[in-house]
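S.K.: Structure, please.
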Amino acid sequence: MYGYIYRTTNLINNKIYIGQKKSNIFVPTYYGSGTIIKRAISKYGIENFEVKIIEQCFSKEQLCEREIFWIAKEKSLYSFGKGYNITPGGEFGDTFSHHPDKEEIRKRMSITNAGRKHSDDWKRKASERTRGKNNPMYGKPGTRKGLSMSSEQKEKIRQSNIGKKRSVETIQKVKDAKKNRTKEKIAEASKNHSEAMKKRIARDGHSMQKKVYVYDNLNNLVNTFKSVKECKEYYFEKYKLSKKTIQFNLQDNKPICPEIKKGIRKDLYEIRLKFKGYEFTHTKR
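M.R.: Predicted coordinates:
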């Protein structure tokens, strides 16, 4: 058992709370973490509540799916007047989006934080806490990497920008940025990039023109391609596997699929999961 769906019942007014708990055993002392159920327990006393398992689940996805089902079936949403649930379920504790006092909470937060400024020391420490490998997105591609917009999306963006005018401040910032991009600075950056690229090609050869060998998770050779471009286009067109994902695995030996699913869309994660053990290399074994 991965977890279970439970029902907490108020024995005084019969109002209920449906929740999910990740545990391989039943925890009789866990009544729920929702804001309203906690208020109710505080008001009526823990002795006036009863909790029971209503279904066992065997994965995170099933837990969320069945929680949504039972909340709908039991009509335990706070808005129905019969229960203590704030959300329709499956949201891993996101109670704010559906909280009945959401606007009031926002106002209180706004008043509390008005005029508050962080010191330079606080900013420096916050930067260090999330810099480099401490950043949860470190080494992980963005959710839009490898994707291109459709012509319909481009047209919608174009239409939404028609008639918009930039402010005087924005125009001035653009002008200042252009002034700082002198010919000397552009030439120097181009030269440094060119020299680094030449050194890499001299050391490893031009990667785009070299053969690519693809090994599966059992270390069997499953595909051979004349060039990197041919390899990337094949896997992208047939399986929708991101071209940059292949490039990162080929050049830097970065994993095809991240161990933790963060910062990536579910559909893209599932595609990469299929090729988790694959290796793209220029070396034939």
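
S.K.: Give me the phi and psi angles of Asn223.
M.R.: Phi and psi for Asn223, reported as degrees, to the nearest 10, are phi -150, psi 150.

S.K.: close enough to count as contact, it and Glu230?
M.R.: No: using Cβ atoms under 8 Å, Asn223 is not in contact with Glu230; the gap is 10.1 Å. Bear in mind the C-beta positions are built from the backbone N, C-alpha and C, glycine included.

S.K.: count of neighbours near the closest residue to Asn134 other than its chain neighbours?
M.R.: Excluding its sequence neighbours, the residue lying closest to Asn134 (Cβ to Cβ, 6 or more residues apart in numbering) is Glu128, at 7.6 Å. By other Cβ atoms under 10 Å, 10 other residues sit near Glu128.

S.K.: Flag the shaky bits of the chain, pLDDT-wise.
M.R.: Within the chain, the ranges that satisfy pLDDT under 70 run 91-102, 142-146, 200-209, 260-263.

S.K.: Run through the strands of the stretch 151-285 of the chain in chain order.
M.R.: Along the stretch 151-285 of the chain, counting by DSSP state E, counting those that start in this stretch, strands occupy 212-215, 221-225, 279-281.

S.K.: what sits up against the first one?
M.R.: Which is strand 212-215. 221-225, 227-228, 230-231, 250, 278-285 (Cβ atoms under 8 Å, 6 or more residues apart in numbering).

S.K.: quick one on the thing from earlier: right, and the strands of the stretch 151-285 of the chain - which one's nearest Ser79?
M.R.: Closest to Ser79 of the strands of the stretch 151-285 of the chain is strand 279-281 (Cβ to Cβ; 51.5 Å).

S.K.: all helices of the stretch 101-250 of the chain, in order?
M.R.: 102-113, 120-129, 151-161, 168-180, 183-204, 228-239, 243-252 (DSSP state H, counting those that start in this stretch).

S.K.: how much space between Arg124 and His118?
M.R.: Using Cβ to Cβ, to the nearest Å, Arg124 is found at 10 Å from His118.

S.K.: re the thing from before, buried ones from the contacts of strand 212-215, can you make that a ChimeraX selection?
M.R.: Listed next is the ChimeraX selection for buried residues among the contacts of strand 212-215, using 16 or more other Cβ atoms under 10 Å:
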select :225,228,231,250,278,279,280
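
S.K.: and Glu61, which of the helices of the stretch 101-250 of the chain is closest to it?
M.R.: Among those, the nearest to Glu61 by Cβ to Cβ is helix 228-239 (22.1 Å).

S.K.: What values do phi and psi take at Lys22?
M.R.: Torsion angles at Lys22 (phi, psi; degrees, to the nearest 10) stand at phi -80, psi 100.

S.K.: how many neighbours does it have?
M.R.: Summarising burial for Lys22: neighbours were counted as other Cβ under 10 Å, giving 11.

S.K.: likewise Lys38?
M.R.: 14.

S.K.: Which strand or helix spans it?
M.R.: helix 35-44 (DSSP states H and E).

S.K.: Tell me who's in contact with the nearest residue to Leu250 once chain neighbours are set aside.
M.R.: Of all residues not flanking Leu250 in the chain, Phe280 sits nearest, at 4.3 Å (Cβ to Cβ, 6+ apart). Taking Cβ under 8 Å, 6+ apart, we find Phe280 in contact with Val212, Tyr213, Val214, Cys231, Ile246, Asn249, Leu250.

S.K.: what bridges to Phe280?
M.R.: Val214 (DSSP bridges).

S.K.: ok, how many other residues are close to Tyr213?
M.R.: Neighbours of Tyr213 (other Cβ under 10 Å): 17.

S.K.: Using CSV, list the CA coordinates for the helix holding Lys38.
M.R.: Output of helix 35-44 as CSV, limited to C-alpha atoms (Å, rounded to 0.1, in the frame of the first residue of the first chain):
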residue,chain,number,x,y,z
THR,A,35,-7.4,24.7,7.6
ILE,A,36,-11.1,24.3,8.2
ILE,A,37,-10.8,20.7,9.7
LYS,A,38,-8.1,22.0,12.1
ARG,A,39,-10.4,24.8,13.2
ALA,A,40,-13.3,22.4,13.7
ILE,A,41,-11.1,20.0,15.8
SER,A,42,-9.9,23.0,17.9
LYS,A,43,-13.6,24.1,18.4
TYR,A,44,-15.2,20.7,19.2
